[in-house]
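**Student:** dropping a prediction and its sequence here:
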Amino acid sequence: MDWLAQPQNAKSLGLVIFFVTFCLIVLWVYGNRKRGERLEEHKNIPFLDDDVDEAKDKSNG
């Protein structure tokens, strides 16, 4: 525990923490294919909302 308390070891500890965090994020982003497929299906939602709004305007007026 003394090793963690020494200020000169903060850079090494920080590097290890950030590197592990980076690796976990990369694995999370590229690891799950089902999530990617779900996101692929939802990518056109903003355009679909415009179509629905236009259809409502045409039916009302």
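**Tutor:** That came in fine, so what should we check first?

**Student:** by residue count, which helix of this protein is the longest?
**Tutor:** helix 10-31 (DSSP state H).

**Student:** outside of that helix, which residues touch it?
**Tutor:** Leu4 (C-beta atoms under 8 Å, 6 or more residues apart in numbering). Backbone N, C-alpha and C define where each C-beta goes, glycine included.

**Student:** begin at 29, not 1, for the rest of this chat.
**Tutor:** Sure, I'll start counting at 29 from here, so that last one is helix 38-59.

**Student:** mean pLDDT per helix and strand in this structure: which one sits at the bottom?
**Tutor:** For the chain, counting by mean pLDDT, DSSP states H and E, helix 73-88 ranks last in confidence among helices and strands (a mean of 66).

**Student:** low pLDDT regions in this structure?
**Tutor:** In the predicted model of the chain, residues 61-66, 77-89 satisfy pLDDT under 70.

**Student:** what distance do you get for Trp56 to Asn72?
**Tutor:** 24 Å (C-beta to C-beta, to the nearest Å).

**Student:** also Gln36?
**Tutor:** From Gln36 to Asn72 the distance is 53 Å (C-beta to C-beta).

**Student:** ok, these two, which is more surrounded?
**Tutor:** Asn72 (10 against 7; other C-beta atoms under 10 Å).

**Student:** buried sites along the longest helix of the chain?
**Tutor:** By 16 or more other C-beta atoms under 10 Å, helix 38-59 has no buried positions at all.
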